[in-house]
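Undergrad: quick one, structure for this:
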Amino acid sequence: MKKYPAISIVSPNGENIARGIKTIEVRSWKPTIDLNTDLVIVENEIFLRGLGQTDPNARAVAIVKIRNIREFTEDDIQAACASYWQEGYYSWELYDIRPLSTKPKVMAKRGIYEVSI
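TA: Got it, this is the predicted structure:
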């Protein structure tokens with residue numbers, strides 16, 4: 001097993017990333033990892049809103065890299081699989097998307113955290 005930084009994304013958007021449909025992740029914060037670092041996409045079923053909240057029933061679905069971080073624009077809505085635009089968010093441009101052939105069960109957490117797969 002290897003350790004990777006990971007981010008949790010609510011279903012179906014983890015799989016949308018793995019399939020190359022969603023190429024922009026929108027967040028209210030900037031990542032704490034260097035660009036071009038392997039990042040595991042973890043898909044879970046519940047929104048993790050509370051501090052320290054987790055979901056033990058999540059699955060790692062892909063490994064990606066972040067090319068660029070910039071302001072979220074209305075032009076990003078389709079690539080982000082978003083339903084609307086809102087000011088004050090960041091677009092994380094994803095590339096080198098590698099879907100996982102097996103989808104190991106991992107813990108979903110808030111922010112960027114570490115998983116072993």
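Undergrad: so for the longest strand along the chain, what's the average pLDDT?
TA: When the chain is parsed with DSSP state E, its longest strand is strand 54-71. Mean pLDDT, computed over strand 54-71, is 97.
Undergrad: tell me the strands beside the very next helix or strand once past that strand, with direction?
TA: Scanning forward in sequence from strand 54-71 by DSSP states H and E, the next helix or strand is strand 90-99. If you go by DSSP bridges, strand 90-99 pairs up with strand 24-27 (antiparallel), strand 54-71 (antiparallel).
Undergrad: closest one to Ser11 among those strands?
TA: With Cβ to Cβ as the criterion, Ser11 lies closest to strand 54-71 of those, at 9.2 Å. For the C-beta atoms, the positions are set from N, CA and C on the backbone; glycine is no exception.
Undergrad: return the most buried member of the strands paired with strand 90-99.
TA: Scoring those by mean neighbour count under mean count of other Cβ atoms under 10 Å gives strand 24-27 as the most buried, with a mean of 20.
Undergrad: got the CA coordinates for that strand in CSV?
TA: Provided in CSV are the C-alpha atoms of strand 24-27 (Å, rounded to 0.1, in the frame of the first residue of the first chain):
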residue,chain,number,x,y,z
ILE,A,24,-13.1,21.0,-12.3
GLU,A,25,-13.6,20.7,-8.6
VAL,A,26,-15.1,23.8,-6.9
ARG,A,27,-14.2,24.5,-3.3
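Undergrad: fine, thanks again, bye for now.
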